[in-house]
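>>> the sequence and its predicted three-dimensional model are supplied below.
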Amino acid sequence: MNLLAARPRSAAPPSQPAAAETALIEVAAITVRYPGRYPGRYPGRYPRSARAAAHAALAAPALDNVSLSVDAGEMVVVLGANGSGKSTLLRSIAFMLRPVSGRIAVGGRTLIGPSGTALSGRALAEARMALGMVFQQANLVKRRSVLANVLTGTLGRHRNLTSALGILPRRERAHAAACLAEVGLSTLAAQRAGTLSGGQAQRVSIARALAQSPRALLADEPVASLDPDAAEEVMRLLRRVSHDDGLAVLCVLHQPDFALRYADRIVGLRAGKIAFSERPAALHRADIAALYESPRT
Amino acid sequence: MSAATLPRTRTHARPALAFLGVLLFLVLLGQSVLVVQARPQDLFTGAHGIADILARSWPPDFSQASAMAWPALETIDIAFFGTIVAVILALPVATLAARNTSPAWPLYALARTVIAFARAVPDLVWALVFVTAVGLGPFPGALALSVHSLGMLGRLFAEVIEDMDMGPVEALTMTGAGRLQVFAHAVVPSVLPSLFGIALYRFDENLRSSLVLGFVGAGGLGFQLLTAMNLFQYRTVSMLLLIIFVLVIAAERLSAALRQRVS
Ligand SMILES: Nc1ncnc2c1ncn2[C@@H]1O[C@H](COP(=O)(O)OP(=O)(O)OP(=O)(O)O)[C@@H](O)[C@H]1O
Ligand SMILES: [Mg+2]
């Protein structure tokens, strides 16, 4: 397996001149509150008006004045206890939630600004294309082949009727096959996704995200349901796409060991606030342990 | 209520409740006997008549069996047409009537209303309506089955869609794919086999319904059956019943075998 052949960490991220100056993912002082009844079942339903997002929720904010940035080619791991707001952070960056205040930019482009401006329609789709998302579950369409699943990652580039019918340009097929090769699963291209092991399925879901040709990858507990070997493999893969392909990777984990071994930087979240943001070498075990100490009320 | 008191209450309450339940059941049964004016003795006095009809039905008269090929085809095609049209209509309607795929609540409410109405009106009544509208023949029967099946399929399809795993839908939405694309690439592949199975089952039911629809002028074997009965040609009736029996069993077997294949 060539996954270990990652470049040394000090290597400069390849060919991202524009992003070199500003961070690829930039989160500036966002505060997120959940309204009383957030329609969580329908992810496509993104609250459009700033008023709707600001409505209700007198409870403590899920995220409180959080700032964070991830550079191209950097892998940042987020640690924190259950309910500390890790998923909320990722969901905000991925436009599934709308912060009540603050600013989020990806690739220098402001997605959500202080004046309440937010993207919609085609612009929203384009912004989503730039962000690959990996979940705890692989969320593959089980009845379709592995390659067909990877190909769905390219759909955002072809928002028209023929692609809805499954007709995509030939080059996209080659692109999808290349993405599958990148996660080391070319041999399984024709297999039904429902028959894959958990680790394989997760790698296919990463391939699907890569097929979007994203500039950043957001991963929410990608190894939580994998056995140790499969988890190592997925972590190596994430680090490789970050260091070799120059993607900004923001990854939520519940395993401090993985964070210390794979992250360029570790961000600790506690009760919706940033507790620390450090290189692993500069971090003490006690700092991490403190994240999990007092349970959030 | 504490755990200790629970069993005691139960042992006391059980016999009284059971007695009340039985009493209620008997009252319900008694009133139904009165309302339908049940006269079991008439079955005995009428036994002679039944025996007479059975005797006159035997042996089945197959001399006209070949003339029944066309009505049989009509019956099958009424069911086929009704099912296909219903499936085509039910797909979009069910998509609107499923909470997780409906784009807006007025559409959801509208779709649910259409489904409930199409289903609440029996196919026989739809057939009477369409016979009045387009005249006698197989077409009103086919239309009646289309509309009634739209109601039945719409509800079942919507249930399948609502029970679907939303993970892939969310994942595809996050790739930047459009609504139509998410629908085609995540929703359709997940639900298609179940929908196909339900549609096959519906065809099976529609075949039996299409026989009855013949009685109100919608053609097919049902109409032949009615004619033969009106003319007291009981040997033709028994022949028709045999054909119907074979048809229904064959359709049942076929649809069961196909359903096995897709699941
Ligand atoms: N849909 C929702 N509606 C209302 N409150 C929510 C919703 N989702 C999350 N919350 C609240 O927001 C806070 C942060 O939740 P979040 O899911 O971001 O935590 P997390 O760090 O991802 O936890 P976990 O480790 O369990 O995944 C929690 O207090 C949670 O109760
Ligand atoms: Mg979470």
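Arrived safely, thanks for sending. Numbering: from 1, shown residues only, chains lettered A, B, ... in the order given. Ligands and ions are numbered 1, 2, ... in the order given.

>>> alpha carbons only for contacts and neighbour counts from here, please
Noted.

>>> helix or strand for the residue nearest in space to the middle of chain B, which one?
Nearest to the geometric centre of chain B sits B:Glu205, at 4.9 Å (CA atoms, centre = their mean). In the assignment (DSSP states H and E), B:Glu205 maps to helix B:188-213.

>>> okay, and for the stretch 1-150 of chain A, where does confidence drop off?
Along the stretch 1-150 of chain A, the parts satisfying pLDDT under 70 run over A:1-22, A:35-60, A:113-120.

>>> show me which residues of it sit near ligand 1.
A:Tyr34, A:Tyr38, A:Gly40, A:Ala62, A:Ala81, A:Asn82, A:Gly83, A:Ser84, A:Gly85, A:Lys86, A:Ser87, A:Thr88 (CA under 6 Å from any ligand atom).

>>> low-confidence ranges in the stretch 1-150 of chain B?
Residues of the stretch 1-150 of chain B that meet the criterion pLDDT under 70 lie in B:1-13.

>>> next, count neighbours for the closest residue to ligand 1 within it.
Nearest residue of the stretch 1-150 of chain B to ligand 1, counting by CA to the nearest ligand atom: B:Asn100, 15.8 Å away. Counted with other CA atoms under 10 Å in any protein chain shown, residues neighbouring B:Asn100 total 18.

>>> isn't it right up against B:Asp163?
No: with contacts defined as CA atoms under 8 Å, B:Asn100 does not count as touching B:Asp163, sitting 9.1 Å away.

>>> B:Ile53: neighbouring residues, count only.
14.

>>> grab the nearest non-local neighbour of it.
B:Tyr234 (7.2 Å; CA to CA, 6 or more residues apart in numbering or on different chains).

>>> which strand or helix spans the residue of the stretch 1-150 of chain B found nearest chain A?
Proximity of the stretch 1-150 of chain B to chain A (CA to the nearest CA) peaks at B:Asn100, 6.5 Å away. Using DSSP H and E, B:Asn100 maps to neither a helix nor a strand.

>>> and it, backbone torsions?
With angles defined as degrees, to the nearest 10, B:Asn100 sits at phi -80, psi -10.

>>> check contacts around the nearest residue in space to it that is not next to it in sequence.
Leaving aside its sequence neighbours, B:Asn100 sits nearest to B:Glu162 (CA to CA, 6+ apart; 6.0 Å). By CA atoms under 8 Å, 6 or more residues apart in numbering or on different chains, the contact set of B:Glu162 is B:Ala98, B:Arg99, B:Asn100, B:Thr101.

>>> repeat that for 10 Å
Neighbour list for B:Glu162: B:Ala94, B:Thr95, B:Ala97, B:Ala98, B:Arg99, B:Asn100, B:Thr101, B:Leu156, B:Val191 [criterion: CA atoms under 10 Å, 6 or more residues apart in numbering or on different chains].

>>> closest one of those residues to B:Val27?
Closest approach between those and B:Val27, by CA to CA: B:Leu156, at 35.3 Å.

>>> pretty sure that closest one sits in a helix.
Yes: assignment of B:Leu156 by DSSP: H, G, I helix; E, B strand; the rest coil places it within a helix.

>>> distance of the nearest residue to it once chain neighbours are set aside relative to chain A?
The spatial neighbour of B:Leu156 that comes closest, neighbours along the chain excluded (CA to CA, 6+ apart), is B:Ile198 at 7.7 Å. Using CA to the nearest CA, to the nearest Å, one gets 18 Å for the distance from B:Ile198 to chain A.

>>> return the residues in contact with B:Ile198.
Taking CA under 10 Å, 6+ apart as the contact definition, B:Ile198 lies against B:Val87, B:Met152, B:Leu153, B:Leu156, B:Phe157, B:Val160, B:Leu192, B:Asp204, B:Ser255, B:Arg259.

>>> does A:Leu111 count as helix, strand or coil?
Secondary structure state of A:Leu111, per three-state DSSP, is strand.

>>> the nearest residue to it once chain neighbours are set aside sits in which helix or strand?
Nearest residue to A:Leu111 in three dimensions, chain neighbours excluded: A:Ala105, at 5.3 Å (CA to CA, 6+ apart). Element membership for A:Ala105 (DSSP H and E) is strand A:101-106.

>>> against which helices or strands is that strand packed?
Contacts defined by 3 or more CA pairs under 10 Å, 6 or more residues apart in numbering or on different chains; DSSP states H and E place strand A:101-106 against strand A:25-32, helix A:50-54, strand A:63-70, helix A:86-93, strand A:109-112.

>>> tilt between the fourth one and strand A:25-32?
Right, helix A:86-93. Counting by axes from the mean of the first three to the mean of the last three CA atoms, to 10 degrees, helix A:86-93 lies at 110 degrees to strand A:25-32.

>>> rewinding a little: closest one to A:Thr154 among the helices and strands packed on strand A:101-106?
Nearest of the helices and strands packed on strand A:101-106 to A:Thr154, taken as CA to CA: helix A:86-93 at 20.4 Å.

>>> now, of the contacts of B:Ile198, which are buried?
Among the contacts of B:Ile198, the ones that count as buried by 16 or more other CA atoms under 10 Å in any protein chain shown are B:Val87, B:Met152, B:Leu153, B:Leu156, B:Phe157, B:Val160, B:Leu192, B:Asp204, B:Ser255, B:Arg259.

>>> got a list of what the fifth one touches?
Remark: with contacts taken as CA under 10 Å, 6+ apart, B:Phe157 is in contact with B:87, B:90-95, B:97-98, B:150-151, B:163, B:191-192, B:194-196, B:198-199.

>>> from those residues, keep the buried residues only.
Buried among the contacts of B:Phe157 (16+ other CA under 10 Å): B:87, B:90-91, B:93-95, B:97-98, B:150-151, B:191-192, B:194-196, B:198-199.

>>> thanks again, I'm all set now.
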